[in-house]
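Undergrad: got a sequence here, can you model it:
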Amino acid sequence: MNEKLGNLDFIEYLSQGVTVFDQNLNLVAWNKKAAELLDFPLELAKIGTPLARFLKMNAERGEYGPGDIDTIVNEGLKLTKQRIPHSFERKRPDGTVLLIEGNFTADHAMVTTYTDITETRLAEKKYQIVNDLLDKQNRQQAGEIEKSRQHLQERNRILEIVTENTKHGISLFDKDLNLLASNARFLELLEFPPEFGQSGTTMLQMFEYNAKRGEYGEGNLEEKIRERIQLALSFNPHKFERVRPDGTVIEIIGTPVKDGFVTTYTDITELRNVQLKLEDATKTLQKTVQQQSIALSQKQFQANQLITAINAMEETIALCDKEGRVVFCNEKLRSLIPELSSYLDPGKPFEGFIRAALEIGFYKLDKYELDAWFKNRMDHYQTASGVFETEIVGGKWFQVQDQRLSDGSIISIGSDITEIKQSQVEKIEAEARFRDFAEIGADWFWEIDQDLRFNYFAGNVKEVTGVAISEFIGKTRQEVQYGNLDFESNSWEKYFQDLENRSDIDNFEYQWLRPDGEIRFISLSGRPHFDESGEFLGYRGVGQDITSRKISEERIRESEERFRTIADNLTEVFWLVNVEENGSYKVLYVNPAFEPLWRHKPEELFEDDSIWYRCVHPDDKDNLKETFQGFIEGRNGYDLEFRLCYPDGSEKIIHSEGQLIKDAAGKIVRVAGVSRDVTGFRRSEQALRRSQKMDAIGQLTGGVAHDFNNILGIIQGNLELLEEMLIGNEAALERIEKGLKGTARGAEITRKLLSFSRESVEEKRLTSVNGFISTMENLIVTSLTASIEVTTELSNDIWPVLIDTGDFEDAILNLSLNARDAMPDGGHLIIETENKVLDKDYLKHDPTGQIGEFVMISVSDTGCGMSKDVREKIFEPFFTTKPIERGTGLGLSMVYGFVKRSGGHMRVYSEPDAGTTFRIYLPRANRKMEIVPRANINQRDLVAGTEKVLVVDDEESLLELTTMALTQLGYDVIAANSGRNALEKLADNEDIDLLFSDVIMPGDLDGYQLAKLAHEASPNLKILLTSGFTKNHEKYVHGTDKFLSELATNLLSKPYSRVDLGKKLRNMLD
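TA: Numbers count the residues shown, from 1 in each chain. Just a heads-up that it's a prediction; the model follows:
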């Protein structure tokens, strides 16, 4: 259970309270939120506190209501021991409401969460109150049907005012083609009986009435009626003209509205008559021009008559030849612009008249429109295509129809269409007004006059405001401010400014305090209206009660605020992105944790989302973009790592993952995700892998050294035996001596390998590194070339360290020689010492380091430096960048092994062509080492002995040699090839004086285990261990078992000579 709780620090960041009790119902974990919500004293919230104490404390302070305290506690424990998940609400004495949910793990531990739902319950209560108020309002409205009918009548009165004062007939039908409303002009134009203006009259009745009186002509009348009904039911906009039997021409325009259809009817008979006159005049003129064969006198007479008639027309007429020169124009055209009459003389270009009129401002145009208008007018004239309309001075509108005759000449006929235009404007205004009232959904309508005083209300104003309509009529908004809670706010200032500017009022919102104390939220919209001359008449608008919407918005706002509070306090970067229709995206939100990593403020990212990629490592950028684009398109997931680069050259590793947010149709609309800095974690992983690799190499090299030592022992033992057997044979002895020197060199190599694997036998001493470095300085100088300058900077009062001084000297000399090889052309070598206190901040830069007090030894050179790949391999055995004849690749491995055996660590700083620095950190010694001097033993007494010795070794050849060597020295020797075999020999031979055993042996007993069992069986038995690979040597030397510690300290290293073995045995037996 406790192991599982090792990573529970995160519960401190939860918004819920959490407690964890083990299977015995004792507290094992909690967070501060739980103590806060449950009001526990901190002295009670300790690991191991039983659940019963918490239950008793709660019972004593009335948390569970009245009753016997012991009974309440026992019942609580009984229920808990049933291990049944539970969820309930508890209202604490202070009114706080907690949601308590308990669950049980597989090992019967109880995990309980506590959530403060006080605000939720209050919100639900408020929501219920609002619902009750709405129910009350609904009941009131149900009882006031008559008032609603009156409101509807008033609304109809408004419609009547609007519709009865227009020249156009208007009708409104519902979706079932039943008449809802119409004006008198509608009945007048279509000559319908008065009863057809009543609501409910069907369109079918009207069509049948028209058919009977011949409005649709002859033929299949039922088919014509059916066609008209189908057109109406299509609810498509339409426009057509109908000529009534009496010759009246009616223009009919249908416009669909919400759940119905609005139709306008306009009498355009006069306009059509004018057009017919123009057409007749044009035909007559054409006929006159073309009759070239008629006698001159007759032509002149007819021309005079025609000119007289044309001059009497209200339309302007101009005839030009095919080159555009004036042939004839009537007096109406000349009188239109008297000062330009000369431009219309025969032979003058008609284009000149148009340009002159444009220059004197005859046409109502802005300066920037002149050139474009002129080009458009002349293009129209040259092509003689249709009708051209334009506005002229005096607010009038003029229409010109250009037509090319068969001889290429062009006739232009113009007419004043001002009244038609005004009618169209009136019609458009009436339709807009009708739509404003018919389509705007609102709680009430309002009007204010040109003095901004209320003159009309319709709807449930009183129900919303609590004030009668009569209290508003005749007053300005300022005069009814008693209900406005925020009347002095800037929003009201803008509202009044819009009124003064005659601007539209769009969804202006404010708070209203009803007389009963209830606050309502109200929205107003309105539009200014003007008469034909542009005179301001007032405003028309609508009002809505938006209280429910505001309550919902406030709940959403509170929810968003809670979300932002959580997101803004996350240490990870939380981001939210909107996915656009075209597949692009826009960052909607990113929390403040973004700035420390991306070095930009969140606001900058909202303006320029390319900032997200700006500091991404170039090698990672394309993959990041491609992955994210595929993610928002739903082609792949989003869970990856990338690097951020900074101007100072540093980098951070970012892990980013995201989730898709889809709408109800399954379309991706947003994506959300989290990005976190995992640089430290990745460095720790890398350091761990490197450490594991070095440990594995250490184990491998140690094992190789062990086997090699056994082989060297066999070779050395046999050579020593041959040396005795061949006394007098100088040539043979010379060969034997060279063989023994070879075994010595092999032993030195295995010592270096064991040094790297941290398993060599050593003798540590309390040492001041300054003293050893000062003593070695001359040796270092003489070992380097004359072109290398050596400097030592040793701090005063350096702390003592506990190290093997021989290994330390080897390490410093080895680093100095490496520096020499890195500076073939000379340079500078600096050796420094300094006391260092390393804290948690240091571990951020060196995950392999340690916290505490250390002595730092730095060896720096100004040589060629190393690449990153070389730095990662320099401590591996046999790795070297030097030629084969100049290095073995074991030097830095020995340094590494020495530092690790000494309980320290080291760092390397190096770049190509920038030199190298090795920093060794050795822990400060906090105790003195007791050094016991060895006794001086007479060498002659070490040679031989007569005691009984049990020799144990799994290597047959080595066992045979050792047995032979000891036998020759006079000992009574018994041999065993395993730990179990040795125990059997000990049991059969109680007079054995000394056990001499190898440490590493196959089977279930190694040398230490064998020694322990033998010592327990025979406490006076002398025991000596030997090994070439002491895997757990340090553990036994510094262990708590004094017996094993002495064995490890006194261990004989392989390979050993007969003399070394004889001395060691005599030293123990004497």
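Undergrad: now the helices for the stretch 851-1000 of the chain?
TA: 868-871, 891-901, 956-968, 979-988 (DSSP state H, counting those that start in this stretch).
Undergrad: so where's the stretch 851-1000 of the chain shaky on pLDDT?
TA: 877-891, 927-943 (pLDDT under 70).
Undergrad: that one: strands as residue ranges?
TA: 852-861, 905-910, 916-923, 948-952, 972-976, 994-998 (DSSP state E, counting those that start in this stretch).
Undergrad: just name the most buried of the helices of the stretch 851-1000 of the chain.
TA: helix 891-901 (a mean of 24; mean count of other C-beta atoms under 10 Å). (Glycine included, C-beta is placed from N, CA and C.)
Undergrad: and that one, how far from the chain's centre?
TA: 47 Å (C-alpha atoms, centre = their mean, to the nearest Å).
Undergrad: show me what that helix is packed up against.
TA: Contact here means 3 or more C-beta pairs under 8 Å, 6 or more residues apart in numbering; DSSP states H and E; on that basis helix 891-901 packs against helix 679-725, helix 730-756, helix 805-822, strand 905-910, strand 916-923.
Undergrad: backbone phi and psi for Asn729, please?
TA: phi -100, psi 90 (degrees, to the nearest 10).
Undergrad: how far away is it from Leu722?
TA: 10 Å (C-beta to C-beta, to the nearest Å).
Undergrad: Glu389 too?
TA: 132 Å.
Undergrad: the more surrounded of the two?
TA: Leu722 (15 against 11; other C-beta atoms under 10 Å).
Undergrad: surely that one and Ile736 touch.
TA: Yes. Contact criterion C-beta atoms under 8 Å: Leu722 and Ile736 qualify, at 5.6 Å.
Undergrad: can you get me a residue count around the closest residue in space to Ser415 that isn't next to it in sequence?
TA: Nearest residue to Ser415, sequence neighbours excluded (C-beta to C-beta, 6 or more residues apart in numbering): Glu315, at 4.8 Å. Glu315 has 19 neighbouring residues, counting by other C-beta under 10 Å.
Undergrad: so for the residue lying closest to Leu624 once chain neighbours are set aside, what's the pLDDT?
TA: Leaving aside its sequence neighbours, Leu624 sits nearest to Phe642 (C-beta to C-beta, 6+ apart; 5.0 Å). Phe642 carries a pLDDT score of 94 in this model.
Undergrad: next: the one 5 residues further on.
TA: Model confidence at Pro647, given as pLDDT, is 86.
Undergrad: distance of it relative to Glu603?
TA: On the measure of C-beta to C-beta, Pro647 and Glu603 end up 21 Å apart.
Undergrad: is it true that Arg907 touches Gln850?
TA: No. Using C-beta under 8 Å as the test, Arg907 is too far from Gln850 to be in contact (11.8 Å).
Undergrad: for Leu719, what are its contacts?
TA: Ile736, Gly739, Leu740, Thr743 (C-beta atoms under 8 Å, 6 or more residues apart in numbering).
Undergrad: what do you get if the cut-off is 10 Å, keeping everything else the same?
TA: The contact partners of Leu719, taken as C-beta atoms under 10 Å, 6 or more residues apart in numbering, are Arg735, Ile736, Glu737, Lys738, Gly739, Leu740, Gly742, Thr743, Ser1057.
Undergrad: report the two of those residues separated the most.
TA: Arg735 and Ser1057 (17.8 Å; C-beta to C-beta).
Undergrad: quick one on the thing from earlier: could the strands of the stretch 851-1000 of the chain go into TSV alongside mean neighbour count and distance to Leu570?
TA: Listed next are the strands of the stretch 851-1000 of the chain as TSV, based on neighbours: other C-beta atoms under 10 Å; distance: least, C-beta to C-beta, whole Å:
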stretch	mean neighbour count	distance to Leu570
strand 852-861	21	33
strand 905-910	18	33
strand 916-923	22	36
strand 948-952	23	64
strand 972-976	19	67
strand 994-998	24	60
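Undergrad: excluding chain neighbours, what is closest to Trp444?
TA: Counting by C-beta to C-beta, 6+ apart, the residue nearest Trp444 is Gly459, at 2.6 Å.
Undergrad: where's the nearest residue to Leu838 once chain neighbours are set aside relative to Glu500, distance?
TA: Once flanking residues are discounted, Leu838 sits nearest to Ile851: 5.6 Å by C-beta to C-beta, 6+ apart. Separation of Ile851 from Glu500 (C-beta to C-beta): 74 Å.
Undergrad: neighbour count for those two, which is higher?
TA: The residue with more neighbours, out of Ile851 and Glu500, is Ile851; 12 against 8, by other C-beta under 10 Å.
Undergrad: looks like the more buried one contacts Val837 (just checking).
TA: Yes. Look at Ile851 against Val837 with C-beta atoms under 10 Å: they come within range, at 8.9 Å.
Undergrad: please enumerate the helices of the stretch 51-200 of the chain.
TA: Under DSSP H, counting those that start in this stretch, the stretch 51-200 of the chain gives helices at 51-60, 69-81, 118-143, 145-164, 184-190.
Undergrad: which residues touch the residue most central in space within the chain?
TA: The chain has Trp575 as the residue nearest its centroid, 1.9 Å off, counting by C-alpha atoms, centre = their mean. Taking C-beta under 10 Å, 6+ apart, we find Trp575 in contact with 567, 587-591, 593-594, 602, 605, 612, 656, 658, 671-675.
Undergrad: domain-wise, how is the chain divided?
TA: 9-123, 166-276, 307-416, 444-553, 570-679, 760-923, 948-1067 (the TED database).
Undergrad: so can I have JSON lines of these showing distance to Leu712?
TA: Shown next, in JSON lines, are the domains of the chain (distance: least, C-beta to C-beta, whole Å):
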{"stretch": "domain 9-123", "distance to Leu712": "53"}
{"stretch": "domain 166-276", "distance to Leu712": "105"}
{"stretch": "domain 307-416", "distance to Leu712": "106"}
{"stretch": "domain 444-553", "distance to Leu712": "88"}
{"stretch": "domain 570-679", "distance to Leu712": "48"}
{"stretch": "domain 760-923", "distance to Leu712": "15"}
{"stretch": "domain 948-1067", "distance to Leu712": "4"}
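Undergrad: for Asn709, find the nearest of those domains.
TA: domain 948-1067 (2.5 Å).
Undergrad: quick check: end-to-end length of the closest one?
TA: Using C-alpha to C-alpha, to the nearest Å, one end of domain 948-1067 lies 15 Å from the other.
Undergrad: mind checking how far that domain is from the chain centre?
TA: 67 Å.
Undergrad: do stretch 17-26 as well
TA: 35 Å.
Undergrad: tell me the buried residues in it?
TA: Gly17, Val18, Thr19, Val20, Phe21, Asp22, Leu25 (16 or more other C-beta atoms under 10 Å).
Undergrad: inside strands: which ones of those residues?
TA: Gly17, Val18, Thr19, Val20, Phe21 (DSSP state E).
Undergrad: closest one to Ser783 out of those residues, please.
TA: Nearest member of those to Ser783, counting by C-beta to C-beta, is Val20, at 62.9 Å.
Undergrad: mind putting the buried residues of stretch 17-26 into JSON lines with pLDDT?
TA: As requested, the buried residues of stretch 17-26 are exported to JSON lines (pLDDT from 0 to 100):
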{"residue": "Gly17", "pLDDT": "84"}
{"residue": "Val18", "pLDDT": "86"}
{"residue": "Thr19", "pLDDT": "88"}
{"residue": "Val20", "pLDDT": "88"}
{"residue": "Phe21", "pLDDT": "89"}
{"residue": "Asp22", "pLDDT": "89"}
{"residue": "Leu25", "pLDDT": "88"}
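Undergrad: thinking again about what came up before, which stretch among the domains of the chain comes nearest Ile715?
TA: Once those are compared by C-beta to C-beta, domain 948-1067 is nearest, at 8.0 Å.
Undergrad: restrict the helix or strand hosting Ile566 to CA atoms and write it as CSV.
TA: Here Ile566 sits within helix 547-568, counting by DSSP states H and E. The C-alpha trace of helix 547-568 is given here as CSV (Å, rounded to 0.1, in the frame of the first residue of the first chain):
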residue,chain,number,x,y,z
THR,A,547,-33.6,38.0,-17.6
SER,A,548,-33.5,34.2,-18.2
ARG,A,549,-30.9,34.6,-20.8
LYS,A,550,-28.8,36.8,-18.5
ILE,A,551,-29.0,34.2,-15.7
SER,A,552,-27.8,31.6,-18.1
GLU,A,553,-25.0,33.8,-19.3
GLU,A,554,-23.9,34.5,-15.7
ARG,A,555,-23.8,30.7,-15.0
ILE,A,556,-21.7,30.2,-18.1
ARG,A,557,-19.4,33.1,-17.1
GLU,A,558,-19.0,31.6,-13.6
SER,A,559,-18.2,28.2,-15.2
GLU,A,560,-15.6,29.8,-17.5
GLU,A,561,-14.1,31.7,-14.6
ARG,A,562,-13.7,28.5,-12.7
PHE,A,563,-12.1,26.9,-15.7
ARG,A,564,-9.7,29.8,-16.1
THR,A,565,-8.7,29.7,-12.5
ILE,A,566,-7.8,26.1,-12.8
ALA,A,567,-6.1,26.5,-16.2
ASP,A,568,-4.2,29.7,-15.2
